[in-house]
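Engineer: how would this look folded up:
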Amino acid sequence: MVNPNEFSTLIRAIQELLRRNWRVEITNVYREANFAADNLATLACSFPLGLHVLNSTPKEVLQFMSQDTYGVVYLRLVIS
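Structural biologist: Here you go, the predicted structure:
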């Protein structure tokens, strides 16, 4: 489980960027609409905190990139 305090520095940096004099829009894209980004974010959670430069696309992400490119649709189940 991720400790929320690990991200406090990152959250403060994002808040500082949002306060700057420019137009910023943040939107939510459900994982079903962008599996490649969701898979990359999941993979990133397994890395230690810090900067990581990827010189090539991780194999875990490649299959999702092609699915996103071709518009493969997945239904999202929402239980209320």
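Engineer: sec struct for the spatially most central residue of the chain, please.
Structural biologist: Of all residues in the chain, the one closest to the mean position by CA atoms, centre = their mean is Ala41, 4.2 Å from it. With DSSP: H, G, I helix; E, B strand; the rest coil as the basis, Ala41 sits in helix.
Engineer: Any figure for the gap between it and Trp22?
Structural biologist: Distance from Ala41 to Trp22, counting by CB to CB, to the nearest Å: 25 Å. Glycine gets a C-beta too; all of them are placed from N, C-alpha and C.
Engineer: ok, now Val73?
Structural biologist: Distance from Val73 to Trp22, by CB to CB: 34 Å.
Engineer: mind checking the end-to-end distance for stretch 29-45?
Structural biologist: One end of stretch 29-45 to the other measures 19 Å (CA to CA, to the nearest Å).
Engineer: What residues does Val61 make contact with?
Structural biologist: Ala36, Asn39, Leu40, Leu43 (CB atoms under 8 Å, 6 or more residues apart in numbering).
Engineer: The first one contacts Tyr70, correct?
Structural biologist: No: distance between Ala36 and Tyr70: 11.7 Å, which falls outside the contact criterion (CB atoms under 8 Å).
Engineer: So for these two, which sits in the more crowded spot?
Structural biologist: Per other CB atoms under 10 Å, whichever of Ala36 and Tyr70 has more neighbours is Ala36, with 19 against 8.
Engineer: Could you give the average pLDDT over the helix or strand hosting that one?
Structural biologist: Assessed by DSSP states H and E, Ala36 sits inside helix 35-44. Across helix 35-44, pLDDT averages out at 87.
Engineer: Skip ahead from that helix and say which helix or strand is next.
Structural biologist: Beyond helix 35-44 toward the C-terminal end (DSSP H and E), the next one is helix 59-69.
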